[in-house]
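1. attaching a predicted model along with its sequence, questions to come.
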Amino acid sequence: MRNIPTVTKNLLLVNIIAFVATWLLQIRGIDLNDVCGLHYFMAADFHPWQLVTYMFLHSGFMHILFNMFALWMFGVVIENVWGPRKFLFYYISCGIGAGLMQELAQFCSFYLTISSQDPSVTFSELFVIGQQLSMQLNGWTTIGASGAVYAILLAFGMIFPNERIFIFPLPIPIKAKWFVMFYVAIELFSALGSSGDNVAHMAHLGGMLFGFLMIRYWNNHPTAGYGRNKGHQFFENLKENFERRKGAKMNVHKGGAATREDDWNYNERKRQNQEEIDRILDKIRRSGYDSLTKEEKQKLFESSNER
């Protein structure tokens, strides 16, 4: 837990604590999902703050295990790239967006159900019927961090599209962008189909949709409040600078065999130095600047001051 960044670590802890609290309260006959789960907005027990609290509750061990594993696996990387404030803003916002998308999906389902019985029903009448059925609609409750977690998965695929990751049971790694597209296709197919698996597929898609829009906005407006992380931009610019140097044509001195040998050694040393710098910058991208050793920090400092 020591190497997990602050926000990711606290999100993991809050979800685990909420899961244990839910289990303990159920023993006493109290269902925390009835209070903090996201109810359909026409239901009697709906409250606006449930758009936040619902994403910290889970229905079972496998539910929380999958979400927390994905949060740890991808959240650590994204928080190290964006920083804690931007990452937390993204996580909560996408979780709320996922809840809103699920509310919209439930409204459409409610409308289709009522209109199938009375095709002439109007929207104003629909809300009246919703009030009459408010107690029965309490059963439409959504819980889980999946919407926010799917948004983090999307962020990883957009930031590192060509990063190769493993998916069980495939024997070979695939690029992150194909991994994301694969999950989008599954969720879209499940949402449009009549799977009846009691999974909020529209919430998953909603989290990814809100995440996609936010990332596109930040990329198009890098000077906005939560635009591109300045530290990450610095290291990206530094790496581009080194790559330009690497691709630059090296001077070749004319002379005897001893001089040509010196040139070869110089070029080889520069190549090895560049490979080391690339490795350090990749480590920063994955684990943050604080993960560097003292020697690696010194190496980066010396290289950045080279003319």
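-> Sure thing, it's come through. Numbers count the residues shown, from 1 in each chain.
2. can I see the domain layout of this structure?
-> Using automatic domain parsing, the domain ranges for the chain come out as 6-220, 230-304.
3. can you give me the mean pLDDT across the longest one?
-> For domain 6-220, the mean pLDDT works out to 92.
4. one more: the shortest one?
-> Within the predicted structure, the mean pLDDT of domain 230-304 is 64.
5. may I have the phi/psi pair for residue 31?
-> Torsion angles at residue 31 (phi, psi; degrees, to the nearest 10) stand at phi -100, psi 110.
6. from now on call the first residue 745
-> Yep, numbering from 745; the last one is residue 775 now.
7. give me the neighbour count for it.
-> Close neighbours of residue 775, defined as other CB atoms under 10 Å, add up to 12. The C-beta positions use only the backbone N, C-alpha and C, and glycine is treated the same way.
8. just name the most buried of the domains of the chain.
-> domain 750-964 (a mean of 17; mean count of other CB atoms under 10 Å).
9. in this protein, which spans are helices?
-> Counting by DSSP state H, the chain has helices at residues 750-771, 776-780, 794-797, 805-826, 828-861, 867-876, 890-903, 920-936, 945-964, 974-991, 1001-1031, 1038-1048.
10. show me the contacts for the nearest residue to residue 879 once chain neighbours are set aside.
-> Residue nearest to residue 879 in three dimensions, not counting chain neighbours: residue 788, with 5.3 Å by CB to CB, 6 or more residues apart in numbering. For residue 788, the contact set (CB atoms under 8 Å, 6 or more residues apart in numbering) comprises 878, 879, 881, 882.
11. convert the C-alpha atoms of stretch 756-766 to PDB, please.
-> Coordinates of the C-alpha atoms in stretch 756-766 are reproduced here as PDB (Å, rounded to 0.1, in the frame of the first residue of the first chain):
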ATOM      1  CA  LEU A 756      -9.700   1.500  -2.100                       C
ATOM      2  CA  LEU A 757     -10.000   1.900   1.700                       C
ATOM      3  CA  VAL A 758     -13.300   3.700   1.600                       C
ATOM      4  CA  ASN A 759     -14.800   1.100  -0.700                       C
ATOM      5  CA  ILE A 760     -13.500  -1.800   1.500                       C
ATOM      6  CA  ILE A 761     -14.800  -0.100   4.700                       C
ATOM      7  CA  ALA A 762     -18.200   0.500   3.100                       C
ATOM      8  CA  PHE A 763     -18.400  -3.100   2.000                       C
ATOM      9  CA  VAL A 764     -17.600  -4.400   5.500                       C
ATOM     10  CA  ALA A 765     -20.000  -1.900   7.100                       C
ATOM     11  CA  THR A 766     -22.800  -3.100   4.700                       C
END
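12. chain center to it: distance?
-> 20 Å (CA atoms, centre = their mean, to the nearest Å).
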